[in-house]
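Q: this one's structure only:
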């Protein structure tokens, strides 16, 4: 049940109302944006809710079970607030959404109708449609550790303990030649063995993608020139001369943890658990399938 302020309740009881919808979106990078279906800017809680965005929402759906309720929010792609590159870059992914019912004549009279998060986003040439999921979607996420052979820590986090800013795991490179939209030759990485940056990341320090991070799919080395293939093409086109910082990658195997990082003490997997072949084994007299302890 919603708790209304006495002033808002009195406004509703009056019969003649001046109500509008307001959406506040808080992205993971800390940027807070406000939108409203009213015809002028509304301000409360330090956020300005703008009407010029073309932002509108579908009906609110809410069920009594634990299913994820969702509504669609439609917005126009604008150069200063909502850009196509920001959507492609993932800056709107899982952003927190607040939906408010506000008396536009007195924004202090308002009630928070629901909270949620941005889900799937569909883009067109001039607009986008974002799915706003209810908080019930959190119940469907995996919580806790996974019992698996590979490490479940992220390379460089507190559980892993590896310092990716160490010169042994970080290299500075510059694109010397483009091979494809996501593959290129680079100088400055001759001191690292082939595969060192496979499954790692590069952070662009110059060019159109400066400040963005991209995952590395493959790293090869020939005659001191590195070849890097990215998992996905960057949002903006890359060009010769673009500089970047490459950081080592990890394939989550204990052998790699020992040989590449000397970090088996912090390995967060279970490398000795039986694999699927153990289920398919049968008893025999050759000594390897006698039903004993593996």
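A: All right, it came through fine. Only a predicted model underlies this, so the values are computations on that prediction, with no experimental measurement involved.

Q: quick one: contacts for the closest residue to residue 87 other than its chain neighbours?
A: Excluding its sequence neighbours, the residue lying closest to residue 87 (CB to CB, 6 or more residues apart in numbering) is residue 121, at 5.7 Å. All C-beta spots, glycine's among them, are computed from the backbone N, C-alpha and C. Neighbouring residues of residue 121 by CB atoms under 8 Å, 6 or more residues apart in numbering: 87, 92, 93, 128, 129, 130, 131.

Q: can you put those residues in CSV and add neighbour count and pLDDT?
A: Converted to CSV, these look like this (neighbours: other CB atoms under 10 Å; pLDDT from 0 to 100):
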residue, neighbour count, pLDDT
87, 20, 73
92, 20, 76
93, 14, 80
128, 18, 67
129, 14, 72
130, 24, 72
131, 18, 71
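
Q: I'd like the distance from residue 185 to residue 103, if you could.
A: 61 Å (CB to CB, to the nearest Å).

Q: no, scratch that, I was asking about residue 110
A: Taken as CB to CB, the span from residue 110 to residue 103 is 7 Å.

Q: Equivalent analysis for residue 86, please.
A: 32 Å.

Q: before we move on, back to that, ok but the residue nearest to residue 87 is inside a helix, no?
A: No - Residue 121 is assigned strand when assessed by DSSP: H, G, I helix; E, B strand; the rest coil, not a helix.

Q: per-residue confidence for it?
A: Among the per-residue scores, residue 121 shows a pLDDT of 72.

Q: Show me the shaky parts of the stretch 151-294 of the chain.
A: Low-confidence segments of the stretch 151-294 of the chain (pLDDT under 70): 278-279, 281-294.

Q: which stretches of it form strands?
A: 170-180, 183-187, 201-204, 213-222, 225-230, 243-247 (DSSP state E, counting those that start in this stretch).

Q: And the fourth one, what's buried?
A: By neighbour count on 16 or more other CB atoms under 10 Å, the buried set for strand 213-222 is 214, 216, 217, 218, 219, 221.

Q: my guess is the first one contacts residue 229, does it?
A: Right, residue 214. No - using CB atoms under 8 Å, residue 214 is not in contact with residue 229, being 10.7 Å away.

Q: Which one of the contacts of residue 121 is nearest to residue 153?
A: residue 93 (21.9 Å; CB to CB).

Q: follow-up on the earlier one: quick check: bridge partners of the residue nearest to residue 87?
A: residue 130 (DSSP bridges).

Q: ok, which stretches of the stretch 51-200 of the chain are helices?
A: Assigned by DSSP state H, counting those that start in this stretch, the stretch 51-200 of the chain shows helices spanning 84-88.

Q: returning to what we had before: identify the contacts common to residue 110 and residue 103.
A: residue 8.

Q: Between the two, point out the one with more neighbours.
A: The neighbour comparison of residue 110 against residue 103 (other CB atoms under 10 Å) goes to residue 110, with 22 against 19.

Q: wouldn't the more buried one be in contact with residue 45 here?
A: No - using CB under 8 Å, residue 110 is not in contact with residue 45; the gap is 9.2 Å.

Q: Identify whichever of the strands of the stretch 151-294 of the chain lies nearest to residue 22.
A: Going by CB to CB, the one of the strands of the stretch 151-294 of the chain nearest residue 22 is strand 213-222, 32.4 Å.

Q: my read is residue 10 is in a helix, agree?
A: Yes - per three-state DSSP, residue 10 lies within a helix segment.

Q: For residue 3, see how far away it is.
A: 15 Å.

Q: Looking at these two, which is more packed in?
A: A count of neighbours by other CB under 10 Å puts residue 10 above the other of residue 10 and residue 3, at 11 against 8.

Q: how much space is there between that one and residue 18?
A: In terms of CB to CB, residue 10 sits 13 Å off from residue 18.

Q: got it, and residue 6?
A: From residue 6 to residue 18 the distance is 17 Å (CB to CB).

Q: who's more crowded, the two?
A: Neighbours around residue 6 and residue 18, counted as other CB under 10 Å, are more numerous at residue 18. The numbers are 13 against 8.

Q: what's the burial count for the residue nearest to that one when sequence neighbours are not counted?
A: Nearest residue to residue 18, sequence neighbours excluded (CB to CB, 6+ apart): residue 105, at 4.4 Å. Neighbourhood size, residue 105 [other CB under 10 Å]: 11.

Q: same deal with residue 270?
A: 15.

Q: And it, how close does it get to residue 255?
A: 14 Å.

Q: try residue 99
A: Distance from residue 99 to residue 255, by CB to CB: 50 Å.
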